[in-house]
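# I'll drop the sequence and a predicted model, then ask my questions.
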Amino acid sequence: MCGICGIVNFNGTHVKQAYIEMMMRLLKHRGPDDEGLYIDKNIGLGNVRLSIIDRSPAGHQPMFSQDKRYCLIYNGEVYNYLELKETLKEKYMFHTRTDTEEVLNAFREWGLGCLEKFNGMFSFAIYDTKTGELFIARDRFGIKPFYYHLDEHRCIFASEERAILPFLRAKKPNNQAIYEYLIYNRTDQGEHTFFKGIQKLPHGSCGIVKGNRLKIQKWYRLTESLRKPFEHPSEFYETFRQSVALRLRSDVPVGVCLSGGLDSSTIVSVLLNEFGQTDLNTFSAVYEKEDFADESKFINQYRNDLKNMFFIRPSAGSLSEDLPRFLKCHSEPVSTLGPYAQFKVMELAKKHVGVTLDGQGADEQLAGYPYFFGGYFNQLFREIRWLRLVTELSTYAIKYKSLYAFKYFVLYLIPRGLKDSLIRMSHNYVAHDFVQKEKSMSIIKEKLYDSRSLNESLIQHFEYKLEHLLKWEDHNSMAHSLESRVPFLDHHLVERTLALSAEKIIHKATSKLFLRQAVENILPETIRTRQDKVNFATPWENWFKTEKLQKQILDLLHSKKFKDRGYLNPGRCLKGYHAHLRGKINIAKEIWKWLNLELWLRMFFD
């Protein structure tokens with residue numbers, strides 16, 4: 001795991017070493033163990049290394065091929081590197097135990113085709129010293145980030161935006177990203193970022209920088225890669241077990257971020273039952289027992305099985321103190337405070353391990369979010385399966401006593417124009433003029449709220465929603481020089497799970513059915529059968545009523561800067577916050593977005 005960066009000057013001007021060194025300093029938290037750079041006239045490459053596999057100096061980057069033609073900087077892990085080595089060793093010499101060397105030799109052997117052979121998370125750049133071409137690539141689902149700035153003079157890229165920002169002629173916020181953040185609560189659904197002039201290499205894409213052009217192409221398309229679905233839960237379990245086994249390959253201790261939910265608990269139970277890891281380290285965020293976000297009763301199901309369980313208690317006070325470094329860590333607004341809880345868990349984990357396993361990606365495969373019920377109801381309605389629809393609707397109503405899924409069911413059915421209007425009406429804190437200016441540019445309503453089936457909705461979430469969770473995971477872990485791995489996103493698992501029929505995923509108002517069946521004999525029953533969804537939630541509703549945060553929020557809402565931005569209606573925001581303080585409404589999500597957006601603007605633009 002590393003941080004990578006580079007500059008290609010199109011006019012032939014030599015890259016200044018000081019520029020690469022500055023970028024590396026801004027990424028040093030991603031790689032405190034080693035660093036290196038390479039400059040060849042108009043191209044400069046930099047790497048900061050977090051040593052996970054083969055921690056010796058042999059893994060130094062940039063790494064050159066044996067014939068010195070290719071130069072690689074690489075961030076991530078290719079977990080099947082040992083298998084690749086077996087295939088390549090008759091033709092290529094290997095001098096290290098790293099997976100970096102396998103990536104380099106795989107490219108020498110197969111070119112672009114090497115990407116299909118990699119099982120892992122990665123973003124990298126390979127410079128061909130003979131042709132002057134720079135090849136860049138990113139993993140299938142966007143687990144590892146790759147940002148770039150392109151103009152007529154040069155291409156600049158890095159693992160994080162903060163390393164590119166100093167080179168922008170004028171820093172400007174991207175209003176389209178801000179609009180989608182405020183109205184839809186979404187980020188990272190396209191190539192754009194919150195900074196004008198900085199884009200992302202799309203997940204599952206690669207590109208070539210040659211001459212004065214960057215040509216990007218998709219190397220992986222999820223819809224074209226779906227395979228034969230699992231026939232039995234035992235097949236799912238075995239594939240997942242193999243995924244976990246691969247992600248245990250490490251020369252530093254491996255732990256688990258344990259939330260108490262079904263997904264992270266599955267990882268822990270597999271490690272206990274299949275790998276006998278009773279000395280496993282787990283890391284959890286807990287709160288007061290009366291807080292809805294506290295999952296202690298589920299986490300404590302493992303008290304008798306695990307020797308090393310560690311806990312951290314995020315609070316309103318810690319949030320107030322951590323806000324500057326949390327905002328700096330992410331460089332962009334985040335739409336919820338769940339990532340803050342994860343930030344604190346990663347901070348705790350770094351004291352004990354070098355790698356964590358996390359349950360990210362299971363919800364998008366197996367309909368883990370409550371609104372997916374609405375998507376399933378929509379499918380049954382369109383397929384005229386009335387009896388099944390009535391059964392699912394009534395079972396959901398009895399089991400959850402909630403209208404949440406029904407609202408999404410209606411949202412899927414109504415015309416697109418009305419759908420968009422209703423969503424905007426529910427966010428009337430956003431300034432009217434800003435909405436009128438930006439609403440036509442948004443793609444979210446087509447990409448996330450227009451599916452006709454559950455499976456289509458799941459695939460859309462993989463393509464347009466999952467990435468913001470993966471970005472937060474990457475930034476939270478790397479802020480603490482920690483590598484995070486996500487075994488539910490092994491492509492062998494994903495490609496067969498997303499091919500399952502809807503009935504194998506949701507049945508009688510129970511989601512993640514196939515996973516629940518797969519872990520029936522290894523997971524504590526209270527966790528396997530739980531129906532609520534918490535994730536890394538925080539009791540932010542109460543946090544925003546505490547004296548310290550209340551003063552900070554009110555000062556912000558009354559400030560001239562906030563009033564003059566033009567993004568939000570200051571009067572409505574202030575009125576809404578006072579209603580929240582009195583307990584009349586709960587708009588914690590909106591309050592956080594106001595706070596986060598304004599502090600981000602002050603940090604990066606004022």
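Now that the structure is in, tell me what you want to look at.
# Let me see the ranges of the strands in the stretch 451-600 of the chain.
For the stretch 451-600 of the chain, the strands defined by DSSP state E, counting those that start in this stretch cover 483-485.
# quick one: the helices in it?
Taking DSSP state H, counting those that start in this stretch as the test, the helices found in the stretch 451-600 of the chain are 454-464, 466-478, 491-497, 513-518, 525-528, 540-543, 547-558, 560-564, 570-581, 588-604.
# I'd like these written out as TSV, with mean pLDDT, distance to Thr129 and mean neighbour count added.
Quick note: C-beta positions are derived from backbone N, CA and C, even for glycine. Shown next, in TSV, are the helices of the stretch 451-600 of the chain (pLDDT from 0 to 100; distance: least, C-beta to C-beta, whole Å; neighbours: other C-beta atoms under 10 Å):
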stretch	mean pLDDT	distance to Thr129	mean neighbour count
helix 454-464	93	36	21
helix 466-478	97	29	24
helix 491-497	98	32	20
helix 513-518	97	48	22
helix 525-528	96	53	16
helix 540-543	93	52	21
helix 547-558	96	52	15
helix 560-564	97	49	13
helix 570-581	96	55	16
helix 588-604	97	36	19
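# For stretch 13-33, buried residues please.
Using 16 or more other C-beta atoms under 10 Å as the burial criterion, the residues of stretch 13-33 that qualify are 15, 19-20, 22-24, 26-27, 29-31, 33.
# How about stretch 273-289?
Within stretch 273-289, the residues scored as buried using 16+ other C-beta under 10 Å are 274, 277, 280-287.
# And stretch 97-104, by the same measure?
Quick answer for stretch 97-104 (16+ other C-beta under 10 Å): 97-104.
# From those residues, pick the one nearest Lys439.
The shortest approach to Lys439 among the buried residues of stretch 97-104 belongs to Val103, at 43.1 Å (C-beta to C-beta).
# Let me know how buried the nearest residue to Ile178 once chain neighbours are set aside is, in neighbour terms.
The spatial neighbour of Ile178 that comes closest, neighbours along the chain excluded (C-beta to C-beta, 6 or more residues apart in numbering), is Tyr567 at 6.1 Å. Residues within reach of Tyr567, counting by other C-beta atoms under 10 Å, total 22.
# Show the contacting residues for Tyr567.
Tyr567 sits next to 178, 182, 430-431, 434, 597 when contact means C-beta atoms under 8 Å, 6 or more residues apart in numbering.
# for these, which one is nearest Ile39?
Using C-beta to C-beta, Ile178 is the member of those that sits closest to Ile39, with 36.8 Å.
# The closest one reaches His192, doesn't it?
No. Using C-beta atoms under 8 Å, Ile178 makes no contact with His192, being 10.8 Å away.
# of those two, who's got more company?
Ile178 (22 against 17).
# ok but the more buried one is inside a helix, no?
Yes. Ile178: assigned to a helix according to DSSP: H, G, I helix; E, B strand; the rest coil.
# contacting residues for it?
194, 333, 438, 567, 597.
# Output those residues in JSON lines; the columns should cover distance to Leu168.
Below are those laid out as JSON lines (distance: C-beta to C-beta, whole Å):
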{"residue": "Phe194", "distance to Leu168": "13"}
{"residue": "Pro333", "distance to Leu168": "18"}
{"residue": "Glu438", "distance to Leu168": "21"}
{"residue": "Tyr567", "distance to Leu168": "21"}
{"residue": "Leu597", "distance to Leu168": "20"}
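# so Asn175 makes contact with Lys439?
No. Judged on C-beta under 8 Å, Asn175 makes no contact with Lys439 at a distance of 11.2 Å.
# how far does stretch 166-185 sit from the chain's center?
19 Å (C-alpha atoms, centre = their mean, to the nearest Å).
# Now the terminal residues of that stretch, how far apart.
Using C-alpha to C-alpha, to the nearest Å, the end-to-end distance of stretch 166-185 comes to 28 Å.
# for the record, mean pLDDT for it?
If you average the pLDDT over stretch 166-185, you get 94.
# buried set for that stretch?
Result for stretch 166-185 [16+ other C-beta under 10 Å]: buried residues 167-168, 173-184.
# what's the closest of the residues you listed to Glu321?
Nearest member of the buried residues of stretch 166-185 to Glu321, counting by C-beta to C-beta, is Tyr181, at 24.4 Å.
# which residue sits closest to Lys16, ignoring its sequence neighbours?
The spatial neighbour of Lys16 that comes closest, neighbours along the chain excluded (C-beta to C-beta, 6+ apart), is Gly44 at 7.7 Å.
# contacting residues for that neighbour?
Here Gly44 is in contact with 6-7, 15-17, 19-20, 37-38 (C-beta under 8 Å, 6+ apart).
# Among those, which are located in helices?
Residues of those located in helices (DSSP state H): 17, 19-20.
# give me the number of residues near Cys5?
By other C-beta under 10 Å, neighbour count at Cys5 equals 30.
# For it, name its beta-bridge partners.
For Cys5, the beta-bridge partners are Gly46, Ala158 (DSSP bridges).
# pLDDT score assigned to Phe536?
pLDDT, read off for Phe536, is 59.
# low-scoring pLDDT stretches of the chain, where are they?
Residues of the chain meeting the criterion pLDDT under 70: 419, 443, 445-448, 534-537.
# 80 instead?
By pLDDT under 80, the weakly predicted segments of the chain are 1, 289-292, 415-427, 440-450, 533-538.
# which residue is nearest the middle of the protein?
Geometric centre of the chain, nearest residue: Leu470, 1.1 Å, by C-alpha atoms, centre = their mean.
# Help me confirm that Ser123 is found in a helix?
No. Assessed with three-state DSSP, Ser123 is strand; it does not lie in a helix.
# what about it, neighbour count?
25.
# Next, find the distance separating it from Asn596.
26 Å (C-beta to C-beta, to the nearest Å).
# Which parts of the stretch 251-400 of the chain are helices?
Counting by DSSP H, counting those that start in this stretch, one finds helices in the stretch 251-400 of the chain at the ranges 262-275, 296-299, 316-330, 338-349, 362-366, 371-382, 386-400.
# Tabulate these (JSON lines), appending distance to Asp420.
Output for these, formatted as JSON lines (distance: least, C-beta to C-beta, whole Å):
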{"stretch": "helix 262-275", "distance to Asp420": "32"}
{"stretch": "helix 296-299", "distance to Asp420": "38"}
{"stretch": "helix 316-330", "distance to Asp420": "28"}
{"stretch": "helix 338-349", "distance to Asp420": "26"}
{"stretch": "helix 362-366", "distance to Asp420": "23"}
{"stretch": "helix 371-382", "distance to Asp420": "17"}
{"stretch": "helix 386-400", "distance to Asp420": "25"}
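# Out of these, flag the one nearest Leu214.
Nearest of those (C-beta to C-beta): helix 316-330, 25.6 Å.
# So which bits of the closest one are buried?
Of the residues in helix 316-330, those buried (16+ other C-beta under 10 Å) are 316, 319, 322-323, 326-327, 329-330.
# so what does that helix touch, helix or strand wise?
helix 338-349, helix 466-478, helix 540-543, helix 547-558, helix 588-604 (3 or more C-beta pairs under 8 Å, 6 or more residues apart in numbering; DSSP states H and E).
# Turn those helices into TSV, including distance to Pro233.
TSV is the format used below for the helices and strands packed on helix 316-330 (distance: least, C-beta to C-beta, whole Å):
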stretch	distance to Pro233
helix 338-349	29
helix 466-478	23
helix 540-543	36
helix 547-558	45
helix 588-604	35
